[in-house]
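next one to model:
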Amino acid sequence: MKKRREDPKVRGTRVTQINTTTTEPKIKRTKRTKKTKVAKKTIQKKLPKDDDALYGILDEPNINYIQFGVDKRFHTWYGTNIYFENGSRDLGIVTENGVDRGGVIESELVKKKPTTKKASKMWLDTLYVCEYCFKYTDIKQHLIDHTKVCTFKSHCPPGKIKYKSPKYTIRRVKGVKHRLFCQCLCLFTKLFLDNKSMYFKVDNYEFYVLYETNDNKPIGFFSKDLLSYQQNNLACILVFPPYQRRQLGTLLIEFSYKLSRLQNLITGPELPLSPFGLIGYMYYWSSIIAYEVIDGELSNRSTMSLNELSLATGIRTNDVVMTLKHLNCLDSKNRINIQIIREWFKKQKTSKKQTIDDTGNIMIEEKYLLIDD
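A predicted model of the protein is given here:
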């Protein structure tokens, strides 16, 4: 996945000396089958070179709507040519290796002469996407026919369960094992993340896909690069548009850190973060740091080092510094103003947001973790 003072002398305010010499990281905003008429589409494009960072990126959206399943319709956020044939506005199709070509389904493209500037930029009015497997078409009836027989609707979704609470389930899906599912998921993600650049080369990635327990419809995911030199615990994260504003991004971020702590790793996400990703991480980092300083193992400390904060939270030192600056709780001598953190923490508890509990968890309940490998 991938991009957003109170004077310490005042009575009742506790300050803590901390070394913050660490540099703050830069964050950019920045075969067709007879069984059904929906093709196994991932794209009929040539695989990109490893250094082609702008592969597939367009300046503006070029698909107007996404029909996600039979009852969810919404606009795309960003443009991409990855869904289309080279040099054309026709949808492309391939097999699992992302290269072999097949026949193109008759398209419902925008063929009439555009009457507005906005219409002229659209390559396709509606892309129909299966909400179970992310296969796609530009013909509505094909999606309807496919949905009736989709394997992941009638049978178990792909991957192995790694978390299962009464409300949510997270499955680990290996790219090398479920290549087509992961490729289609990556293509779909590009329509909502402007810094998404990995589409076909999924073999070295794991995807942690979020479901509502007892439902086979994915509602969000994060990916993890198994070959990351920095051992990042997350590459890309997205909660799908129909399921946003439910704190599910926080759930996925928290789960990624639970995995890291079980591996005894101090790590974090791949940078740069998307604007929405940065907002989600700032909330998570702020909550965890506030808990450790106010109620956690560092609550009785009069002084603490940056490294101690990092070890207690599992958050990288650079990310700790960035969060403290975000909270405006560092004075001119790099001391933490605990009262500012306390007031922020209290405000979160009185808001409608999900807050951290007495055990230091926000949404993940550790008793439901199923990590055995």
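
which residues of the chain fall in strands?
15-17, 57-58, 63-68, 72-75, 79-80, 124-129, 136-137, 160-164, 168-174, 205-212, 218-225, 236-239, 335-337 (DSSP state E).

give me the angle between the third one and strand 124-129.
Note on geometry: by axes from the mean of the first three to the mean of the last three C-alpha atoms, to 10 degrees, strand 63-68 and strand 124-129 are set 20 degrees apart in direction.

list of residues touching strand 63-68?
73-76, 79-80, 83, 122-129, 131, 140, 143, 191, 240-242 (C-beta atoms under 8 Å, 6 or more residues apart in numbering). Heads up, the C-betas are built off the backbone N, CA and C, glycines and all.

pull out the buried members of those.
Those of the contacts of strand 63-68 that meet the buried threshold are 76, 79-80, 83, 122-124, 126-129, 131, 143, 191, 240-241, by 16 or more other C-beta atoms under 10 Å.

before we move on, back to that, let's have the strands of the chain in a markdown table, adding mean pLDDT and distance to residue 254.
Shown next, in a markdown table, are these (pLDDT from 0 to 100; distance: least, C-beta to C-beta, whole Å):
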| stretch | mean pLDDT | distance to residue 254 |
| --- | --- | --- |
| strand 15-17 | 42 | 25 |
| strand 57-58 | 76 | 30 |
| strand 63-68 | 96 | 26 |
| strand 72-75 | 96 | 26 |
| strand 79-80 | 88 | 30 |
| strand 124-129 | 95 | 28 |
| strand 136-137 | 94 | 31 |
| strand 160-164 | 97 | 10 |
| strand 168-174 | 98 | 11 |
| strand 205-212 | 98 | 12 |
| strand 218-225 | 97 | 11 |
| strand 236-239 | 95 | 12 |
| strand 335-337 | 86 | 23 |
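
just name the most buried of those strands.
strand 136-137 (a mean of 28; mean count of other C-beta atoms under 10 Å).

paired strands for that one, with orientation please.
strand 124-129 (antiparallel) (DSSP bridges).

hey, C-alpha coordinates of the strand it pairs with in PDB?
Only the C-alpha atoms of strand 124-129 are listed here, as PDB (Å, rounded to 0.1, in the frame of the first residue of the first chain):
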ATOM      1  CA  LEU A 124     -15.000   4.700 -19.600                       C
ATOM      2  CA  ASP A 125     -18.200   5.700 -17.900                       C
ATOM      3  CA  THR A 126     -18.600   2.700 -15.600                       C
ATOM      4  CA  LEU A 127     -16.200  -0.100 -14.600                       C
ATOM      5  CA  TYR A 128     -18.100  -3.100 -13.100                       C
ATOM      6  CA  VAL A 129     -16.000  -4.800 -10.400                       C
END
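
who touches it?
62-69, 73, 76, 83, 89, 91, 107-110, 135-140, 142-143, 188.

same thing with stretch 222-236?
Residues contacting stretch 222-236 (C-beta under 8 Å, 6+ apart): 1-2, 189, 193, 196, 198, 204-208, 237-238, 252-253, 256-257, 259-260, 265, 267-270.

so residue 200 touches residue 185, yeah?
No - under the criterion of C-beta atoms under 8 Å, residue 200 lies out of contact with residue 185, with a separation of 11.8 Å.

contacting residues for the most centrally placed residue in the chain?
Centroid check for the chain by C-alpha atoms, centre = their mean gives residue 237 as the closest residue, at 0.9 Å. Neighbouring residues of residue 237 by C-beta under 8 Å, 6+ apart: 1, 220, 221, 222, 223, 249, 252, 253, 269, 277, 280.
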